[in-house]
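*Asks:* structure of the sequence below:
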Amino acid sequence: MRKKQYQTLLAVLAVALAVTAGIAARAMHRENEVKARLNEVYQGAVLSALRQMEDIEISLSKALLSGEQGAADRYLSQVSAGAAQVQRSLSLLPLSHPAGQAAVKFANQVADYASTLTGRAFSSQHASQLESMIAACREYTSALYEARDTLPIQAARSVNAFYAADEAGDNGSYDSGVSYPTLIYDGPFSDARDSGDAKALGSITVTKEEAMRIAREAVGAERVKSVSPGADMGGSIPCWGVTLQLQDVTLQAAVTRQGGKLLWLAPDTADFAQEKSVEECRENALAFLRRNGYENMRATYFQVYEGVAVISFAATQGDILLYPDLIKVQLRMDTAQVVGVEARNYLINHGPRGLLTPGLTVEEAAGGVSSFLAVDQAQLCLIPTDGGEKLCYEFQGTYGGHTYLCYINAHTGAQEQLLKVIEGETGIEAV
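*Replies:* The predicted structure follows:
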């Protein structure tokens, strides 16, 4: 009897141990899930903060380089708003990374300083302080990038990067040589009006068959092996869809039903050898535009990715650059042949503007440019604004080793826009 009771007791203990082990395993699994979710939240907070820190640097630069008080005050307001967002983002961290702690303190200081400068003309001392803050922004952004990039390493060691600073290893120094991400960018004012009635379509209508012929001829009949119907499009600019089979790539095209214009063209792959130069691609793109009836186009900005060069062109009227009338052309860099087009902005906006005569000379307009900006060239251009299109002088200059574009109204002398140009290995962006 004792033996049976002993066996029963052992069985009960075994069951109890199994249940306990199962409960512990489930608890550990739930704990790991919670930690994983928290780390996702914290990583998102760091990402948001570093993006805001980059924006603060740009806004500080623009405030310093603004030639008028109202524009400077707007950029200072953006600094304060961005600093508040940095603090909100990093406040999500329970025991934040040392870089986060320092960034929160800096964001608080820069917000206060921006508030004190609002409505005041900058003295040389103010300018020096702003330059220091711009440099500090780069350092804090670098530190936040490092905080984000070390997360996978720390996660692999089962260390939560955010709970305890002393678990994260040596966090006392940061590499300031951060490679900033680049964007596929079409140049200044690529977000011009892209809705409403299209001005450059004309009145004729084309059939599906005519659209297929138009697409073949636009690409070059000698390059096309076969043409077939593609997916049609509705929307503000109804289009016929066309599929073009080339020797080694398939292109999808949209031809407008009204006017028979190529709205867009795109390859089904973008992995080409990078053998041709951007200059070769630019010349071929310009020849393509001329062959398809786009005269008086000037190349503005470019981007290179996966063996494709994306080159932006703006129409011109005389010597005046029309930024709203943009066309992007994509070229494969192994042959420098056109494989993509985006003409929506051009077709929506292009048309005669009438007489574009500035009310100010370039020397008079230059008075609206900050003395901190070393101007090296200027040109007349038409830019899109919330209130419509405005004729401006575009002044390109440098400050602190960076290039900026300052747009001064050619009639009033007011600063309409200020952009920072960022050049990367794969192209150019302006923000």
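*Asks:* so who does the closest residue to Gln247 other than its chain neighbours touch?
*Replies:* In this structure, Gln247 finds its nearest non-sequential neighbour in Lys225, 6.5 Å apart by C-beta to C-beta, 6 or more residues apart in numbering. Heads up, the C-betas are built off the backbone N, CA and C, glycines and all. Lys225 makes contact with 245-247, according to C-beta atoms under 8 Å, 6 or more residues apart in numbering.
*Asks:* try 10 Å this time
*Replies:* 244-248, 250 (C-beta atoms under 10 Å, 6 or more residues apart in numbering).
*Asks:* looking at Val339 now. What's its pLDDT?
*Replies:* pLDDT recorded at Val339 is 93.
*Asks:* what does the helix or strand harbouring Leu263 contact?
*Replies:* Leu263 is located in strand 262-267, with elements delineated by DSSP states H and E. Here strand 262-267 makes contact (C-beta under 10 Å, 6+ apart) with 198, 201, 211, 214-215, 217-219, 233, 237-240, 242, 244, 246, 249-256, 292, 308, 327-330, 332, 338-344, 346-347.
*Asks:* check stretch 215-224 too.
*Replies:* The contact list for stretch 215-224 (C-beta under 10 Å, 6+ apart) reads 213, 226-227, 230, 240-247, 249, 251-255, 260-262, 265, 288, 291-293, 335, 337-339, 341.
*Asks:* do that again at 7 Å, thanks
*Replies:* Stretch 215-224 is contacted by residues 227, 242, 244, 246, 251, 253, 255, 262, 292 when judged by C-beta atoms under 7 Å, 6 or more residues apart in numbering.
*Asks:* the fifth one - how many residues pack around it?
*Replies:* In this case it means Leu251. Leu251 has 23 neighbours, counted by other C-beta atoms under 10 Å.
*Asks:* now do the last one
*Replies:* By the other C-beta under 10 Å criterion, the neighbourhood of Asn292 contains 17 residues.
*Asks:* which helix or strand contains the residue lying closest to it once chain neighbours are set aside?
*Replies:* Nearest residue to Asn292 in three dimensions, chain neighbours excluded: Ala218, at 5.4 Å (C-beta to C-beta, 6+ apart). Element membership for Ala218, per DSSP H and E: helix 208-219.
*Asks:* tell me the angle that helix makes with strand 262-267.
*Replies:* The directions of helix 208-219 and strand 262-267 differ by 70 degrees, with axes from the mean of the first three to the mean of the last three C-alpha atoms, to 10 degrees as the criterion.
*Asks:* next structured bit after helix 208-219?
*Replies:* Next in sequence after helix 208-219, counting helices and strands by DSSP H and E, comes strand 226-229.
*Asks:* quick check: next helix or strand after that following strand?
*Replies:* Using DSSP H and E, the helix or strand that directly follows strand 226-229 along the chain is strand 239-245.
*Asks:* for that following strand, which positions count as buried?
*Replies:* Neighbour-count burial for strand 239-245, counted by 16 or more other C-beta atoms under 10 Å, picks out 239-244.
*Asks:* by how many degrees do the strand or helix carrying Phe288 and helix 208-219 diverge?
*Replies:* Taking DSSP H and E as the criterion, Phe288 maps to helix 278-291. Angle, helix 278-291 to helix 208-219, by the same axes, to 10 degrees: 140 degrees.
*Asks:* can you add distance to Gly397 and pLDDT and give the buried residues of strand 239-245 back as TSV?
*Replies:* Putting these into TSV (distance: C-beta to C-beta, whole Å; pLDDT from 0 to 100) gives the following:
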residue	distance to Gly397	pLDDT
Cys239	42	91
Trp240	46	93
Gly241	45	92
Val242	45	94
Thr243	47	94
Leu244	44	95
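*Asks:* kindly provide the whole-number mean pLDDT of the helix holding Ala218.
*Replies:* Mean pLDDT, helix 208-219: 96.
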